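# model this:
(one chain, ligands or ions: 1)
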Amino acid sequence: MQTTIERIESNVRGYARLFPTVFQSAVGSTLTDTAGKTYIDFFCGAGSLNYGHNPRKAKAALLDYIERDGVQHSLDTATVAKVDFLDTFDRLILRPRGLQYRIQFTGPTGTNAVEAAIKLARKQTGRSHVIAFTGGYHGHSLGSLALTANQYYHSESYGSHNNVTHLPFDGYLDDQDTSEILAKMLQDRSSGLPMPAAVILETVQGEGGINVASDAWLRRIASICEEHDIRLIIDDIQVGNGRTGTFFSFERAGITPDLVCLSKSIGGGLPMSLLLIRPERDTWNPGEHTGTFRGNNLAFVAATAVLRHWADPKFETEIAVRSERVRQRMEQICHRHRDAGFECRGRGLIWGIDVKRGDLASEVIRRAFKAGLLIEASGNKDQVLKVMPALTIPMALLDQGLKILDSSIRQTMA
Ligand code: PMP
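You can find the predicted model right below:
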């Protein structure tokens with residue numbers, strides 16, 4: 001079956017090469033291939049399976065909904081499934097955090113939410129320039145690609161560089177506070193930087209190599225945006241939905257972005273993306289930004305079911321316990337390989353082991369795969385092993401996965 005993939009699927013395929021097998025089923029934090037081999041999942045659908053594969057609550061709700069002939073697809077007409085999702089999101093996520101946002105359904109994938117955010121910021125400021133950051137990843141459609149830093153994805157011929165300036169992310173210039181570069185460039189008219197419509201960032205860069213912005217840096221960026229009437233867009237597509245330990249990744253810093261992009265795990269495994277808009281920023285006219293698949297009711301049903309995790313006050317504590325286990329193990333590994341310059345970075349349940357060389361990372365991934373662990377790499381040279389288990393992973397599986405990772409690294413470095 002693998003040869004069918006090689007023969008017919010486009011050469012652009014990526015993960016099919018990284019994990020050279022054919023998967024058949026998946027439950028929770030494990031996948032099983034057609035040979036009956038089971039793998040522990042530290043890859044998590046690139047952050048879209050925070051509640052695991054086929055989460056029990058979502059599965060039951062979906063089966064019931066289909067059985068009752070619930071409306072499947074509805075563009076953006078009102079349905080019971082949509083109303084339930086909006087009520088649940090408001091009750092379990094927004095209100096307890098004292099947040100007020102309007103919700104725009106933007107389509108199936110993360111890039112759809114980013115496109116909508118950029119358009120809205122441009123429309124209401126009347127400005128077109130956008131600030132993004134080194135290492136940032138925001139998608140691959142032509143608008144969002146402009147914001148994605150990695151040059152591997154770009155080609156001059158796409159014409160995708162328009163109206164975006166990438167500035168150094170927190171930590172990019174070692175200890176230098178890079179938020180002051182933005183502040184200075186906005187004040188100094190000789191900087192050549194046009195007044196931007198928006199600043200977009202990930203608080204923890206997932207694809208960029210698990211680069212963590214400090215709370216102080218985020219607060220400073222937020223205050224610069226406020227001072228100059230620039231929209232602050234937080235792209236929480238990968239690190240929202242509890243990934244960093246709180247539902248939104250920016251909660252810790254105590255900032256309230258104008259716009260928040262959510263996707264991946266928000267749909268409980270089904271495709272869904274949305275934009276949160278501060279009420280006073282909701283200046284769309286009816287139907288001004290559309291999309292056929294804004295109304296995937298099956299995704300609303302699964303999304304509502306997985307949000308119920310947040311009704312349980314113990315959920316954040318459980319994530320914190322798993323996070324601490326991962327953090328300790330990451331530090332042990334990095335300490336053991338300090339002579340090779342290994343570095344660990346992360347927060348909550350997204351951690352990276354920077355092994356400094358792409359060839360080493362890919363050898364670790366290959367060995368881990370053989371031993372039954374799925375893990376991927378990120379960073380500009382694919383040199384950062386990305387540890388991203390489901391938030392719900394049982395402790396025993398987490399330990400087993402970490403053990404496989406540890407021994408795959410040891411074998412690679414031996
Ligand atoms: N933003 C971030 C932070 C992402 O990690 C991703 C996907 N890796 C995207 C945007 C794009 O999402 P999608 O691939 O669903 O379009």
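# from here on, contacts and neighbour counts on C-alpha atoms
Will do.
# what about the strands in the stretch 151-300 of the chain?
Applying DSSP state E, counting those that start in this stretch to the stretch 151-300 of the chain gives strands spanning 164-167, 198-201, 204-205, 211-212, 231-235, 259-262, 273-277.
# how about a markdown table for the ones you listed, with mean neighbour count and mean pLDDT added?
Output for the strands of the stretch 151-300 of the chain, formatted as a markdown table (neighbours: other Cα atoms under 10 Å; pLDDT from 0 to 100):
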| stretch | mean neighbour count | mean pLDDT |
| --- | --- | --- |
| strand 164-167 | 19 | 97 |
| strand 198-201 | 26 | 98 |
| strand 204-205 | 28 | 98 |
| strand 211-212 | 22 | 98 |
| strand 231-235 | 27 | 99 |
| strand 259-262 | 29 | 98 |
| strand 273-277 | 25 | 98 |
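# wait, which of the ones you listed is closest to Pro394?
Ranking the strands of the stretch 151-300 of the chain by proximity to Pro394 (Cα to Cα) places strand 204-205 first, at 24.3 Å.
# elements contacting the closest one?
strand 211-212 (3 or more Cα pairs under 8 Å, 6 or more residues apart in numbering; DSSP states H and E).
# contacts for the strand it packs on, please.
Strand 211-212 is contacted by residues Asp170, Gly171, Thr203, Val204, Gln205, Arg345, Gly346, Arg347 when judged by Cα atoms under 8 Å, 6 or more residues apart in numbering.
# so who does the residue of the chain most remote from its centre touch?
In the chain, the residue that sits farthest from the middle, by Cα atoms, centre = their mean, is Ser190; the gap is 35.7 Å. Contact analysis of Ser190 by Cα under 8 Å, 6+ apart lists nothing.
# can you pull the pLDDT of it?
pLDDT for Ser190: 96.
# so which residues of the stretch 151-300 of the chain form helices?
Remark: helices assigned in the stretch 151-300 of the chain by DSSP state H, counting those that start in this stretch are 179-187, 215-227, 297-307.
# can you pull the contacts of the nearest residue to Val387 once chain neighbours are set aside?
Spatial nearest neighbour of Val387, chain neighbours left out: Trp351 (5.0 Å); criterion: Cα to Cα, 6 or more residues apart in numbering. Trp351 sits next to Ile210, Val326, Arg327, Met330, Cys344, Arg345, Lys386, Val387, Met388 when contact means Cα under 8 Å, 6+ apart.
# in the chain, which ranges drop under the pLDDT threshold?
The chain contains residues with pLDDT under 70 at 1-2.
# need the residue closest to the centroid of it.
The chain, centroid-nearest residue using Cα atoms, centre = their mean: Gln238 at 0.7 Å.
# Lys264 is in contact with that one, correct?
Yes. With contact defined as Cα atoms under 8 Å, Gln238 and Lys264 form a contacting pair (6.6 Å).
# now for those two: what residues contact both?
Gly47, Ser48.
# restricted to helices, list the contacts of Trp351.
Here DSSP state H is the test, and the contacts of Trp351 give Val326, Arg327, Met330 as lying in helices.
# let me have those in CSV, adding neighbour count and distance to the ligand as columns.
Converted to CSV, the ones in helices among the contacts of Trp351 look like this (neighbours: other Cα atoms under 10 Å; distance: Cα to the nearest ligand atom, whole Å):
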residue, neighbour count, distance to the ligand
Val326, 24, 21
Arg327, 20, 21
Met330, 22, 22
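# circling back to that earlier point, among the helices of the stretch 151-300 of the chain, which comes closest to the ligand?
With Cα to the nearest ligand atom as the criterion, the ligand lies closest to helix 297-307 of these, at 14.1 Å.
# send me that closest one as PDB with only the CA atoms.
Extracted as PDB, the C-alpha positions of helix 297-307 are listed here (Å, rounded to 0.1, in the frame of the first residue of the first chain):
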ATOM      1  CA  ASN A 297     -21.800  21.000  12.000                       C
ATOM      2  CA  LEU A 298     -20.000  17.800  12.700                       C
ATOM      3  CA  ALA A 299     -17.100  19.900  13.800                       C
ATOM      4  CA  PHE A 300     -19.300  22.000  16.100                       C
ATOM      5  CA  VAL A 301     -20.600  18.800  17.700                       C
ATOM      6  CA  ALA A 302     -17.100  17.400  18.300                       C
ATOM      7  CA  ALA A 303     -15.800  20.800  19.400                       C
ATOM      8  CA  THR A 304     -18.600  21.200  21.900                       C
ATOM      9  CA  ALA A 305     -17.900  17.700  23.300                       C
ATOM     10  CA  VAL A 306     -14.200  18.300  23.800                       C
ATOM     11  CA  LEU A 307     -14.700  21.700  25.400                       C
END
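# returning to what we had before: need the helices of the stretch 151-300 of the chain in JSON lines with distance to the ligand and mean neighbour count, can you?
Shown next, in JSON lines, are the helices of the stretch 151-300 of the chain (distance: least, Cα to the nearest ligand atom, whole Å; neighbours: other Cα atoms under 10 Å):
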{"stretch": "helix 179-187", "distance to the ligand": "20", "mean neighbour count": "15"}
{"stretch": "helix 215-227", "distance to the ligand": "16", "mean neighbour count": "18"}
{"stretch": "helix 297-307", "distance to the ligand": "14", "mean neighbour count": "25"}
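# compare those and give me the one nearest Asp64.
helix 297-307 (9.9 Å).
# what helices and strands are in contact with that closest one?
Here helix 297-307 touches helix 56-67, helix 80-88, going by 3+ Cα pairs under 8 Å, 6+ apart.
# tell me which helix or strand comes right after the last one.
Just to be clear, that refers to helix 80-88. Next along the chain after helix 80-88, taking DSSP states H and E as the criterion, comes strand 102-107.
# figure out how far the following helix or strand past that next one is from the centre of its chain.
Scanning forward in sequence from strand 102-107 by DSSP H and E, the next helix or strand is helix 110-125. Relative to its chain's centre, helix 110-125 lies at 17 Å (Cα atoms, centre = their mean, to the nearest Å).
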